[in-house]
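In: Model the following, please.
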Amino acid sequence: MVFSEAAPPADFIRDIIDTGLKTREHQGKVATRFPPEPNGYLHIGHAKSICLNFGIAAQYGGACNLRLDDTDPSGESMEYVESIIRDVRWLGFDWADRLYYASDYYEKLYEYALQLIKQGKAYVCDLTAEQMREYRGTLTEAGRESPYRHRSVAENLELFQRMRDGEFEEGSRVLRAKIDMAAPNIVMRDPVMYRIKKETHYRTGDKWSIYPMYDFAHCLSDALEGITHSICTLEFENNRPLYNWFLAALSIADSPQQIEFARLNLTFTILSKRKLIELVEKGIVAGWDDPQMPTLTGMRRRGYTPAAIRNFCERIGVAKNDSVIDMAVLENCLREDLNESAPRVLAVLRPLRVIIDNYPEALVEEFACPYHPQQAAMGVRRVPFARELYIEEDDFREEPPPKFHRLSPGREVRLRYGYFIKCVGVEKDPETGAVTTVHCTYDPETKSGFAPDGRKVAATIHWVSAAHSVPAEVRLYDRLFGKADPLSNGAELTAHLNPNSLEILRSCRLEPSLADATPGSRFQFERVGYFCVDAVDSKAEALVFNRTVTLRDSWAKIAAKGG
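Out: Okay, here's the model as predicted:
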């Protein structure tokens with residue numbers, strides 16, 4: 001488990017825990033859990049909860065469980081379970097032998113339901129879902145009691161057993177808690193505890209025909225695991241009285257305490273699992289691991305680091321009220337981490353051929369180039385230099401605009417780690433007129449990067465040797481949506497997709513040290529951005545790199561212009 005050495009900042013949840021510890025609540029213990037439903041992949045919003053739950057447990061010398069709240073067979077699968085386990089572990093957290101499933105507790109939950117029936121606190125109801133909505137009432141009007149609310153204990157026990165045995169059709173009956181149909185909080189108006197589902201569960205198969213509702217299973221799963229602090233997002237605040245009611249009705253000793261915090265909302269993205277599923281199912285993205293997705297698996301494939309995500313979660317803190325975090329905060333955390341850890345290399349994404357006319361044709365030099373200017377321990381690599389090079393198209397203009405300081409006819413620039421070169425001519429495509437080759441001369445006295453006569457150049461550009469460079473495909477990823485709040489005013493999912501969220505370049509050339517780059521490894525392409533080797537599509541004979549993040553926040557300028 002990895003944490004910052006600095007003490008976590010104070011927040012209202014830790015204040016609650018500190019107060020409870022002073023009065024010896026829960027016998028002075030702290031036990032938390034991260035309880036995702038295995039019906040999709042985890043996303044950056046889940047990372048906040050993961051870091052909070054595991055972080056609090058570690059801070060107070062307690063333990064955090066990983067529990068899969070698999071109470072609904074619809075859409076749940078082992079694929080999602082495996083992805084959740086993989087992502088939480090990738091973030092740097094460990095649960096030892098405390099991996100649990102709500103489905104582990106199905107028999108015990110059924111016994112709890114029988115206990116409530118015997119206490120006269122639960123009953124089988126035959127109302128349809130539409131009828132139950134009608135009977136529930138409104139915020140200003142009390143609900144009406146179900147005509148089945150006063151069935152005898154014996155009848156309820158018999159019907160509930162028959163529900164379990166699969167005798168009834170889906171939607172024909174449910175088990176409801178008997179609480180108060182006039183309660184101001186509508187959640188407390190006889191909520192459903194069990195429903196009939198004739199679906200195969202990915203773990204229990206067809207053993208069960210009834211499945212517990214989340215509100216019933218969650219609090220009792222917490223109690224069965226000895227959880228002391230059930231930390232969840234703000235949408236469950238209204239359900240807290242029901243959480244507490246079930247525990248009290250069943251006389252659960254030392255009940256867990258539910259505490260709600262504001263979920264993560266991030267600009268230029270969506271974190272609704274339903275909407276993310278829609279992106280996948282409609283083919284808007286290539287899958288859950290598409291690097292454009294805010295899923296942890298997609299972010300990992302794009303090149304995000306666990307440290308950057310943990311630092312982001314710590315930086316934004318924990319609040320009680322909803323707010324929206326600028327995507328730039330996350331991206332800056334990533335840049336800060338990669339700036340320290342990513343080796344520097346040379347890569348030309350849009351190659352333009354350069355011939356140094358006065359450089360010996362047979363000569364090949366090797367320049368010793370550091371992998372990191374401030375991290376000597378990273379070492380150096382040797383980069384070949386020859387007469388024919390590639391530079392970026394954007395680093396040359398035949399007719400330079402004002403303030404363009406890079407290569408142009410008659411102008412001299414410095415090659416990174418190499419010589420001064422001056423443009424003396426160009427070759428063009430006879431049909432299009434586009435420049436295909438730039439002819440230059442070099443000054444052999446400038447190998448140190450400085451001219452003996454003291455003359456200066458206005459720009460330094462990067463390059464690779466044409467003969468020694470390796471080919472690669474580079475995928476330039478950007479934000480999936482072009483609007484900060486892509487679903488505002490009821491907008492369709494596709495209304496504000498960023499048309500430039502992915503650009504694929506297939507003629508890129510990289511310095512030869514990258515020929516053996518392993519999938520998932522990260523680099524800074526000097527002057528270009530941070531990139532990683534794609535973990536799915538990249539092969540030794542066909543390298544594929546993903547842009548993780550640009551060197552600078554280009555979206556800040558767009559926002560400043562009102563874009």
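In: Give me the residue ranges of the chain where confidence is low.
Out: Per-residue confidence for the chain (pLDDT under 70) gives these ranges: 1-9, 555-563.
In: Where do the helices of this structure begin and end?
Out: Using DSSP state H, the helices of the chain run over residues 12-22, 44-59, 78-90, 106-118, 129-136, 153-164, 214-224, 240-249, 273-281, 296-302, 306-316, 327-341, 555-560.
In: mind putting those helices in a markdown table, distance to R189 and mean neighbour count included?
Out: C-beta: built from backbone N, CA, C; applies to glycine. Shown next, in a markdown table, are the helices of the chain (distance: least, C-beta to C-beta, whole Å; neighbours: other C-beta atoms under 10 Å):
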| stretch | distance to R189 | mean neighbour count |
| --- | --- | --- |
| helix 12-22 | 29 | 14 |
| helix 44-59 | 29 | 22 |
| helix 78-90 | 32 | 17 |
| helix 106-118 | 16 | 17 |
| helix 129-136 | 5 | 14 |
| helix 153-164 | 18 | 16 |
| helix 214-224 | 13 | 23 |
| helix 240-249 | 10 | 18 |
| helix 273-281 | 25 | 16 |
| helix 296-302 | 37 | 24 |
| helix 306-316 | 36 | 20 |
| helix 327-341 | 40 | 19 |
| helix 555-560 | 46 | 12 |
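In: Identify whichever of these lies nearest to V438.
Out: helix 555-560 (29.3 Å; C-beta to C-beta).
In: one step back: any idea which of the helices of the chain gets closest to T204?
Out: Distances from T204 to each of those were compared using C-beta to C-beta; the minimum, 6.6 Å, belongs to helix 106-118.
In: Tell me what angle that closest one forms with helix 240-249.
Out: Taking axes from the mean of the first three to the mean of the last three C-alpha atoms, to 10 degrees, helix 106-118 and helix 240-249 form an angle of 80 degrees between their directions.
In: how distant is helix 106-118 from the center of its chain?
Out: For helix 106-118, the distance between its averaged C-alpha position and the chain's averaged C-alpha position is 37 Å (C-alpha atoms, centre = their mean, to the nearest Å).
In: Stretch 87-107 too?
Out: The mean C-alpha position of stretch 87-107 is separated from the chain mean by 19 Å, C-alpha atoms, centre = their mean.
In: And it, what's buried?
Out: Buried residues in stretch 87-107, defined by neighbour count with 16 or more other C-beta atoms under 10 Å: 87-88, 90-93, 95, 100-106.
In: Reformat these as a markdown table; add distance to R527.
Out: Conversion of the buried residues of stretch 87-107 to a markdown table gives the following (distance: C-beta to C-beta, whole Å):
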| residue | distance to R527 |
| --- | --- |
| D87 | 33 |
| V88 | 36 |
| W90 | 30 |
| L91 | 31 |
| G92 | 31 |
| F93 | 36 |
| W95 | 43 |
| Y100 | 49 |
| Y101 | 50 |
| A102 | 51 |
| S103 | 53 |
| D104 | 54 |
| Y105 | 56 |
| Y106 | 58 |
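In: of those, closest to E398?
Out: Using C-beta to C-beta as the measure, the one of the buried residues of stretch 87-107 that approaches E398 most closely is W90, at 48.1 Å.
In: Show the contacting residues for the closest one.
Out: 296, 300, 306 (C-beta atoms under 8 Å, 6 or more residues apart in numbering).
In: Would you tell me which of the helices of the chain gets closest to P402?
Out: Going through the helices of the chain one by one, with C-beta to C-beta as the measure, helix 555-560 comes closest at 18.5 Å.
In: quick one on the thing from earlier: closest one to H372 out of the buried residues of stretch 87-107, please.
Out: Nearest to H372 among the buried residues of stretch 87-107 is G92, at 22.9 Å by C-beta to C-beta.
In: Quick one: closest of the helices of the chain to E473.
Out: Go through those one by one with C-beta to C-beta and the one that ends up closest to E473 is helix 296-302, at 14.7 Å.
In: Run through who's touching the closest one.
Out: Helix 296-302 has contacts (C-beta under 8 Å, 6+ apart) with 41-44, 46-47, 83, 86-87, 90-91, 288-293, 309, 477, 520, 532, 534-536, 546, 548.
In: mind running it again at 7 Å?
Out: Counting by C-beta atoms under 7 Å, 6 or more residues apart in numbering, the neighbours of helix 296-302 from elsewhere in the structure are 41-44, 47, 83, 87, 90, 288-292, 477, 534-536, 546, 548.
In: which residues are contacting stretch 19-27?
Out: Counting by C-beta under 7 Å, 6+ apart, the neighbours of stretch 19-27 from elsewhere in the structure are 28, 228, 254.
In: CA atoms only: put that stretch into CSV for me.
Out: The C-alpha atoms that make up stretch 19-27 are tabulated as CSV, following Å, rounded to 0.1, in the frame of the first residue of the first chain:
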residue,chain,number,x,y,z
THR,A,19,-14.4,12.6,18.0
GLY,A,20,-15.7,9.0,18.1
LEU,A,21,-12.3,7.7,19.0
LYS,A,22,-12.1,10.1,22.0
THR,A,23,-15.4,8.5,23.3
ARG,A,24,-14.3,5.0,22.5
GLU,A,25,-16.9,4.4,19.8
HIS,A,26,-16.5,1.0,18.1
GLN,A,27,-14.0,0.1,20.9
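In: Would you pull up how far it lies from the middle of the chain?
Out: Relative to the centre of its chain, stretch 19-27 is centred 35 Å away, using C-alpha atoms, centre = their mean.
In: Please report the distance of the closest residue in space to E445 that isn't next to it in sequence from D443.
Out: With C-beta to C-beta, 6 or more residues apart in numbering as the measure, P452 is the residue that lies nearest to E445, at 5.2 Å, once sequence neighbours are left out. With distances defined as C-beta to C-beta, to the nearest Å, the gap from P452 to D443 amounts to 9 Å.
In: Which one's more surrounded, the two?
Out: Set side by side, P452 and D443 show unequal neighbour counts under other C-beta atoms under 10 Å, the larger going to D443 at 16 against 9.
In: Any idea what the nearest residue to that one once chain neighbours are set aside is bridged to?
Out: Closest residue to D443 apart from its sequence neighbours, by C-beta to C-beta, 6+ apart: F420 at 4.8 Å. In this structure, F420 has the following beta-bridge partners (DSSP bridges): R414, D443.
In: And stretch 186-198, end to end?
Out: As for stretch 186-198, its first-to-last residue distance stands at 28 Å under the measure C-alpha to C-alpha, to the nearest Å.
In: Pull out the buried positions in that stretch.
Out: So, applying 16+ other C-beta under 10 Å, buried residues of stretch 186-198: 188-197.
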